[in-house]
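Undergrad: fold the following for me, if possible:
(4 chains)
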Protein chains: 2
Amino acid sequence: MVSADDNTAANTAARPPAITREALVAAGMAVLRREGLDALSMRKVAAELGVRAASLYYHVQDKEQLLDLLADSVVWDARKLATTGDWERCLREAAHAYYRHLHANRDAARLMAGRRTAGPNLLYVLDVMMGRLHAGGFSDADAAWATLTMATYVQGFVLQEQTPKPALKEKRADVGQYPNIAALIDVLVGDNSQELFAFGVERIIDGLRIRRTAESENPSGNPPERPTCADTAPPPAQR
Amino acid sequence: MVSADDNTAANTAARPPAITREALVAAGMAVLRREGLDALSMRKVAAELGVRAASLYYHVQDKEQLLDLLADSVVWDARKLATTGDWERCLREAAHAYYRHLHANRDAARLMAGRRTAGPNLLYVLDVMMGRLHAGGFSDADAAWATLTMATYVQGFVLQEQTPKPALKEKRADVGQYPNIAALIDVLVGDNSQELFAFGVERIIDGLRIRRTAESENPSGNPPERPTCADTAPPPAQR
DNA sequence: GACGGCTGCCTAACGCCGTTAGGTTCCCAC
DNA sequence: GTGGGAACCTAACGGCGTTAGGCAGCCGTC
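TA: Residues are numbered from 1 along each chain as shown, chains lettered A, B, ... in the order given. Presented below is the predicted three-dimensional model:
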């Protein structure tokens, strides 16, 4: 018996690879942090690893797939879900954690907004949130809406926030014809954006709370309470 | 008196230009509709006009600026603001009109999500909406939040909606470990997305309605009612 | 009616990009 | 030792955004 373990193509590596998937993601994040999303190219990520661009295509199918990996790693780092507490607290804390994380990582919001496929880490986070909302008495559709809308809101808010401010400020002068826009720009330019963000989170939660009580009083269509509450699944394969 | 009007550089054109700004936008929209956002290049837009790519730079500073023009033209086509009715109706109808328009134009949501500067048409639409919300008794900050959040919500929703469905459906099989995700994907894949969208709009409006009554009962900080309601400004220079 | 100056296009080219084809090295299994 | 595969390499292709510089045609001025 030469070897008892399975002989898949994965573990018969001739040499320990110099470019692992983690190293690839780390290099991509480094380039992203240093030069921004627009300047992130396969050649630069390869250079970060001391390698030529073509070599990356052995580990990754596409630049698109590399960006997907980066996005999913951002989600993984941003995960901070309250495993205790009701749906409100869970939704609120996840929103704020995601908000802070998008602010902490350069161009993270733009990166996330450009992705079109959900990675495993995102699926995991969404799953936990759905479980919380189910436990709170929301139907499938309502829980799905709540989850997606909150994620969309956070992303969109940071995206708006990171609009180049000089461009807005110079516009502040020549919109005298639009009296209300001036107020809107003042609000945007002001440094109270974090309060504004929190305000929006509370409005969305308010709307959900109304929906929940209305649904439990008048169960039309979907069952208002679910008998079995599928709770948190085991964490995914961390990358 | 040779000429009585002002002698700016704009109207001393030697020849009537073959490439007007409107033609440029029209060509860009044509390429966008035919080939999608990823394939939209300066060379192709130029070819659409029977012209070489370099010539576009006489009319436009950047590809970025061209995309800004396209985005603003999308906004202009999508404007459909109820000039009568209360803030609720105005917000709701604008949201649905924007939703329909993003669906009707290929990659319009991705285009809008990628923009970072607001064009004049967008400013106009935002101004009208802010006026409606002021008339409804909202403060500056609340009106600004409501306007931006609704716009963000619509964009984000369409973006999520246009996630390639096959990728999701194949994922539907291998997420057995995440029981709630299955429900979420079912909701996403289902053809009831328009109802889901409308649901979200109503939740946001619900949250705003609560906020409004709470503010008018307890006027903390901002005045709950504004004495002068700056109403609709004249439409901007349509391009 | 000659003429500088401007508008509005052109050709040519630069450097970067994503991606592919095919070659080379090196280690493990047999 | 030798076959085979993993993991890199070089070289190149076509496309991209953008710039430099040139040239035709029309303007107002003399």
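Undergrad: from here on, contacts and neighbour counts on C-alpha atoms
TA: Will do.
Undergrad: center of chain A - which residue?
TA: A:Val75 (4.8 Å; C-alpha atoms, centre = their mean).
Undergrad: for the host helix or strand of that residue, packing partners?
TA: In the assignment (DSSP states H and E), A:Val75 maps to helix A:63-78. For helix A:63-78, the packing partners by 3 or more C-alpha pairs under 8 Å, 6 or more residues apart in numbering or on different chains; DSSP states H and E come out as helix A:21-35, helix A:87-104, helix A:108-114, helix A:120-135.
Undergrad: ok, residues contacting it?
TA: A:25, A:28-29, A:42, A:60, A:97-98, A:101, A:108, A:111-112, A:115, A:117-122, A:238-239 (C-alpha atoms under 8 Å, 6 or more residues apart in numbering or on different chains).
Undergrad: just the buried ones from the residues you listed?
TA: Buried residues within the contacts of helix A:63-78, counting neighbours by 16 or more other C-alpha atoms under 10 Å in any protein chain shown: A:25, A:28-29, A:42, A:97-98, A:101, A:108, A:111-112, A:115, A:117-122.
Undergrad: just those that are near DNA strand C?
TA: A:Met42 (C-alpha under 7 Å from any atom of the strand).
Undergrad: near chain B, from the buried ones among the contacts of helix A:63-78?
TA: A:Thr117 (C-alpha under 8 Å from any C-alpha of the partner chain).
Undergrad: mean pLDDT and distance to B:Leu37 for the helices and strands packed on helix A:63-78 - can I get that in a markdown table?
TA: As requested, the helices and strands packed on helix A:63-78 are exported to a markdown table (pLDDT from 0 to 100; distance: least, C-alpha to C-alpha, whole Å):
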| stretch | mean pLDDT | distance to B:Leu37 |
| --- | --- | --- |
| helix A:21-35 | 95 | 23 |
| helix A:87-104 | 94 | 25 |
| helix A:108-114 | 92 | 12 |
| helix A:120-135 | 89 | 25 |
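Undergrad: list the buried ones in stretch A:81-89?
TA: A:81-82, A:87-89.
Undergrad: dump those residues to a markdown table, plus distance to DNA strand C.
TA: Below are those laid out as a markdown table (distance: C-alpha to the nearest atom of the strand, whole Å):
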| residue | distance to DNA strand C |
| --- | --- |
| A:Leu81 | 34 |
| A:Ala82 | 37 |
| A:Trp87 | 40 |
| A:Glu88 | 41 |
| A:Arg89 | 40 |
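Undergrad: for chain A, longest helix please?
TA: Longest helix of chain A, by residue count under DSSP state H: helix A:193-217.
Undergrad: residues of that helix that come out buried?
TA: Quick answer for helix A:193-217 (16+ other C-alpha under 10 Å): A:193, A:196-197, A:199-209, A:211-212, A:215.
Undergrad: and DNA strand C, which of those residues reach it?
TA: Okay, of those, nothing touches DNA strand C (C-alpha under 7 Å from any atom of the strand).
Undergrad: that older thread, ok, so of the buried residues of stretch A:81-89, who is nearest DNA strand D?
TA: Nearest to DNA strand D among the buried residues of stretch A:81-89: A:Leu81, at 34.7 Å, using C-alpha to the nearest atom of the strand.
Undergrad: checking that closest one next. Helix, strand or coil?
TA: coil (DSSP: H, G, I helix; E, B strand; the rest coil).
Undergrad: repeat that for A:Thr163.
TA: Strictly by three-state DSSP, A:Thr163 counts as coil.
Undergrad: return the residues in contact with it.
TA: Contacts of A:Thr163 by C-alpha under 8 Å, 6+ apart are B:116-117.
Undergrad: for it, phi and psi?
TA: Main-chain torsions, A:Thr163, degrees, to the nearest 10: phi -60, psi 130.
Undergrad: average pLDDT for the longest helix of chain A?
TA: For helix A:193-217, the mean pLDDT works out to 88.
Undergrad: which residues sit against it?
TA: So helix A:193-217 is contacted by A:88, A:92, A:95-96, A:137-138, A:146, A:150, A:157, A:161, A:187, A:224-225, B:141, B:145, B:149, B:203-208, B:210-211 (C-alpha under 8 Å, 6+ apart).
Undergrad: also stretch A:52-61?
TA: In contact with stretch A:52-61 (C-alpha under 8 Å, 6+ apart) are residues A:20-21, A:42-47, A:66.
Undergrad: so which of the residues you listed is the most crowded?
TA: A:Val45 (24 neighbours; other C-alpha atoms under 10 Å in any protein chain shown).
Undergrad: name the SS class of A:Leu40, please.
TA: A:Leu40 is classified as coil under three-state DSSP.
Undergrad: brain fart, A:Arg106
TA: A:Arg106 ends up coil, using three-state DSSP.
Undergrad: now the nearest residue in space to it that is not next to it in sequence: how far from DNA strand D?
TA: Nearest residue to A:Arg106 in three dimensions, chain neighbours excluded: A:Arg33, at 5.5 Å (C-alpha to C-alpha, 6 or more residues apart in numbering or on different chains). Note on A:Arg33: its distance to DNA strand D, by C-alpha to the nearest atom of the strand, to the nearest Å, is 22 Å.
Undergrad: list the contacts for A:Arg33?
TA: By C-alpha under 8 Å, 6+ apart, the neighbours of A:Arg33 are A:105-107.
Undergrad: which of these lies closest to DNA strand D?
TA: Looking across the contacts of A:Arg33 and measuring by C-alpha to the nearest atom of the strand, the closest to DNA strand D is A:Asp107, at 18.9 Å.
Undergrad: please tell me how far the closest one sits from chain B.
TA: 12 Å (C-alpha to the nearest C-alpha, to the nearest Å).
Undergrad: pretty sure that residue is touching A:Asp38, no?
TA: No. With contacts counted by C-alpha atoms under 8 Å, A:Asp107 stays clear of A:Asp38, the gap being 9.1 Å.
Undergrad: what's the closest residue to DNA strand C within chain A sitting at in phi/psi?
TA: For chain A and DNA strand C, the shortest gap (C-alpha to the nearest atom of the strand) falls at A:Ser41, measuring 3.3 Å. Main-chain dihedrals, A:Ser41, degrees, to the nearest 10: phi -130, psi 160.
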